[in-house]
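Peer 1: Predicted model and sequence below, questions to follow.
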Amino acid sequence: MELQKTIALFLLFCYLISSTVANTEFCFTSACSKNEPLIRFPFRLRNFQSVDCGYPGFNLLCDASNETILRLPNKSGEFTVQAINYSTQEIWLNDPKDCLPQLLLKLNLSASPFSGIYYQDYTLFNCSVFYTMIKLNPIACLSGLNYTVYATSSMRGVSLLERPECKLIGTIAVPVQWPFYEQVMSSDLSGDILLTWANPYCKMCESRGGRCGLKRTMYTREIICENVRGSGFPKGAQYAIIVGAGVPAMLFFVGLLCFVCGRIRSYRRRAEPVLEFSSTVAPQPIELVGLDEPTIESYPKTILGESRRLPKPDDNICPICLSEYQPKETLRTIPECQHCFHADCIDEWLRLNASCPVCRNSPKCVHGTV
């Protein structure tokens, strides 16, 4: 009976651990290449990140040149993602084939979650001659040997191009990067376009240093804000603590189960006529041995400045919570290996583990370090 109770408790514990891990969606920041924008919620990279790591309509992909591509609906075409600002909910786009005006002629954002912030109307003309006396910039990728295409946003430019040798193509609203207080005589329309999105709304979360995410329930999808500064441990640190404490506890239950089984076998053997000596030794539970508080506090702290300059420029992400370092965040460095972490993340780790989570070397106590 005692053995059955122990097995039942062990199975219940395993079920709780497996359920916690199974119901936790790990959505890591990704990118198509080193110099490409970082991709995280509400965006997701198709075939690399789970569907629940992004929001509908925010799917991105990597092309053969490892450029980040956004495919807009209504046959608007594919755009390269030049940059993403998650705090202001802005995205800069251009044409991977270096002919953005061709895409602007058929741009339709009505079925997408995106919209322009500033719009400028441009009127396009197809002229059978190339004007050298008029200071107009032609659109080279739309022009040919026998014709030249011009775009203007000023009434004077329109009046200059309303000639028999010029044919009106049409007027398009271009989502420009900033508002124009003066009309432009001509433009080749090669600059990036700027779009924004209203839903999901994560500006408040991002401004507080948090990260938006998608929480799936049985009937709904809920937008949640996690890892807000001052609201507790980062999610990555919580996972590390759960794993660090759960694995030894599970090993303890296994050892306890083996011990109970050994005692039962020994009892049965003593009840038989032939005496036997059991050599079963109960496994000892594995305990976590971390560092004490004075040792942890002896490791140097750094408050990150606006430039986010670190001893190792490539180490711009905390290896524990996988979040980018932000200005005015407090970092702690392990002197022996010079690995940096969020102070909250590494403090919790070192209380449970006396080794660096990156290189697994056991740090030595360095008292008096500033």
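Peer 2: Received it, and whenever you're ready, just let me know what you need.

Peer 1: my read: residue 299 touches residue 333, true?
Peer 2: Yes - with contact defined as CB atoms under 8 Å, residue 299 reaches residue 333; the gap is 6.4 Å. C-beta: built from backbone N, CA, C; applies to glycine.

Peer 1: which regions of the stretch 251-370 of the chain sit below the pLDDT cut-off?
Peer 2: 266-288, 308-309, 311-314, 363-370 (pLDDT under 70).

Peer 1: ranges for the strands of it?
Peer 2: Ranges of strands in the stretch 251-370 of the chain, per DSSP state E, counting those that start in this stretch, are 301-303, 330-334, 339-342.

Peer 1: now for the longest one, which elements pack on it?
Peer 2: In other words, strand 330-334. Contacts defined by 3 or more CB pairs under 8 Å, 6 or more residues apart in numbering; DSSP states H and E place strand 330-334 against strand 301-303, strand 339-342, helix 343-352.

Peer 1: need the contact list for residue 354.
Peer 2: 289, 290, 291, 362, 363 (CB atoms under 8 Å, 6 or more residues apart in numbering).

Peer 1: Ok, residue 211 next?
Peer 2: 40, 41, 205, 225, 226, 227, 323.

Peer 1: Show me the beta-bridge partners of it.
Peer 2: Assessed by DSSP bridges, residue 211 has beta-bridge partners residue 226.

Peer 1: coming back round to it: which one of the helices and strands packed on strand 330-334 lies closest to residue 143?
Peer 2: strand 339-342 (52.6 Å; CB to CB).

Peer 1: Could you list the paired strands of that closest one along with their orientation?
Peer 2: strand 330-334 (antiparallel).

Peer 1: The partner strand to helix 343-352, inter-axis angle?
Peer 2: 40 degrees (axes from the mean of the first three to the mean of the last three CA atoms, to 10 degrees).

Peer 1: Correct me if wrong: residue 296 contacts residue 351.
Peer 2: Yes - if you go by CB under 8 Å, residue 296 and residue 351 touch, sitting 7.1 Å apart.

Peer 1: of all the strands of the stretch 251-370 of the chain, which gets the most neighbours per residue?
Peer 2: strand 339-342 (a mean of 24; mean count of other CB atoms under 10 Å).

Peer 1: Next, the residue nearest to residue 110 when sequence neighbours are not counted: secondary structure please.
Peer 2: The shortest distance from residue 110 to any non-neighbouring residue, by CB to CB, 6 or more residues apart in numbering, is to residue 74 (6.6 Å). Three-state call for residue 74 (DSSP: H, G, I helix; E, B strand; the rest coil): coil.

Peer 1: Please name the residues that touch residue 74.
Peer 2: 108, 109, 110, 111, 112.

Peer 1: Ok, residue 84 next?
Peer 2: Residue 84 neighbours (CB under 8 Å, 6+ apart): 37, 38, 39, 43, 90, 91, 92.

Peer 1: let's see 6 Å
Peer 2: 37, 91 (CB atoms under 6 Å, 6 or more residues apart in numbering).

Peer 1: Show the pLDDT at it.
Peer 2: Per-residue confidence (pLDDT) for residue 84: 96.

Peer 1: Tell me what it is bridged to.
Peer 2: The partner list for residue 84 in beta bridges (DSSP bridges) reads residue 91.

Peer 1: One more: residue 152?
Peer 2: On DSSP bridges, the residues paired with residue 152 through beta bridges are residue 123.

Peer 1: Tell me how many other residues surround residue 264.
Peer 2: Residues lying near residue 264 (other CB atoms under 10 Å) number 12.

Peer 1: give me every residue that touches the closest residue in space to residue 44 that isn't next to it in sequence.
Peer 2: Distances taken as CB to CB, 6+ apart put residue 54 closest to residue 44, at 2.8 Å, once the chain neighbours are dropped. Counting by CB under 6 Å, 6+ apart, residue 54 touches 42, 43, 44.

Peer 1: from these, which is closest to residue 32?
Peer 2: residue 43 (11.6 Å).

Peer 1: For the strands of the stretch 251-370 of the chain, give me CSV that also has distance to residue 192.
Peer 2: Putting the strands of the stretch 251-370 of the chain into CSV (distance: least, CB to CB, whole Å) gives the following:
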stretch, distance to residue 192
strand 301-303, 34
strand 330-334, 33
strand 339-342, 33
